[in-house]
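Here you go, sequence then predicted model.
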Amino acid sequence: MAAVVSLSLIVEMGISVQALPPTCGPDCTDEFLKEDCNKYCVGLSYKNGACILFRGFPSQNRCCCF
């Protein structure tokens, strides 16, 4: 059986719930690797981060936080 927690209970307990939209930050380079990207995103209160290839001219890897 799954536990159900009401939003009013969360508010009464003073727990702040905020969903952050995905965002992309600095470029992933040889100096800024995927581990750095993940640490960067966790520091911004995201669950994790990944280097994603953006196609275009020039194509580039960007650190995106989820």
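In hand now; what should we look at?

From now on I want contacts and neighbour counts done on CA atoms only, so please keep to that.
OK.

Can you tell me how far P26 is from N48?
The gap separating P26 from N48 is 15 Å, by CA to CA, to the nearest Å.

neighbour-wise, which of those two wins?
N48 (17 against 13; other CA atoms under 10 Å).

Just list what the biggest helix by length in the chain packs against, helices and strands only.
Determined from DSSP state H, the single longest helix within the chain is helix 34-43. Secondary-structure packing of helix 34-43 (3 or more CA pairs under 8 Å, 6 or more residues apart in numbering; DSSP states H and E): strand 49-54, strand 60-65.

What is the neighbour count of the nearest residue to D27 once chain neighbours are set aside?
Leaving aside its chain neighbours, D27 sits nearest to R62 (4.3 Å; criterion: CA to CA, 6 or more residues apart in numbering). For R62, the neighbour count with other CA under 10 Å is 21.

Which residues are in contact with R62?
Counting by CA atoms under 8 Å, 6 or more residues apart in numbering, R62 touches 24-28, 51-54.

Could you give me the PyMOL selection string for whichever of those residues are buried?
Remark: buried members of these, expressed as a PyMOL selection using 16 or more other CA atoms under 10 Å:
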select buried, resi 27+28+51
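
Return the member of the contacts of R62 nearest to K34.
K34 has its nearest neighbour among the contacts of R62 in C51, at 5.8 Å by CA to CA.

thought the closest one was touching E35?
No: with contact defined as CA atoms under 8 Å, C51 does not count as touching E35 (9.3 Å).
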